[in-house]
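Student: generate a structure from the sequence data that follows.
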Amino acid sequence: MKRKTVSKRLTTKLKAYKDWIKANRVMPTAWLMQRTAAKLEGHYAYYGVTDNSRSIGNFAHLVKQILFKWLNRRGKRGCYTWEKFQKLLERHPLPAPRIKVNLLSAKASATVHSLIGDGQGPTGWNLVLHHHVLQHIGGASTVEEIEALLPWNVTLSKLQEG
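Tutor: Numbering: from 1, shown residues only. So this is what the prediction gives:
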């Protein structure tokens, strides 16, 4: 099941940012950029999960538009151009949207761990399998690669290969 930010929450967060920037537009630009970066980081930390990159990218784009609009209203109307805004973003970069939590790996790791147990078996097979899975789960990016790590898909030759 794919995850996506609920549009009502996205709209609410954007309205809250707009109200905040409107109230604080008289503050120094560096301060505004720092706070905006922190707000974006917080948004990415909460909403940056597997399959939600489009929504957090959209949020970042809309925040930049709101920021430009309200910075442009601080002085003479229309004196702040998009080029000047781009230079400001070079001096005070905003964090790029990125996925912070890969739910696929977390779910797969939990599933594999529950399947192979705690690694305490009389033959030591569980311990070897557990080590193999933990060594390779981070590099698995597709469902097929994760399924290849399940106990019934792992052979002794795969374990000996590394």
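Student: quick check: the closest residue to R54 other than its chain neighbours vs T155, distance?
Tutor: With sequence-adjacent residues excluded and distances taken as Cβ to Cβ, 6 or more residues apart in numbering, R54 is closest to K4, at 7.5 Å. Glycine gets a C-beta too; all of them are placed from N, C-alpha and C. Using Cβ to Cβ, to the nearest Å, K4 is found at 39 Å from T155.
Student: neighbour count winner among the two?
Tutor: Set K4 next to T155 and count neighbours by other Cβ atoms under 10 Å: K4 wins out with 13 against 9.
Student: helix/strand/coil for that one?
Tutor: At K4 the chain is in coil, as set by DSSP: H, G, I helix; E, B strand; the rest coil.
Student: I'd say it and S53 touch.
Tutor: No: counting by Cβ atoms under 8 Å, K4 stays clear of S53, with 10.0 Å between them.
Student: phi, psi for Q86 please.
Tutor: The phi and psi values for Q86, taken as degrees, to the nearest 10, are phi -60, psi -40.
Student: okay, it and H92: tell me how far apart.
Tutor: 11 Å.
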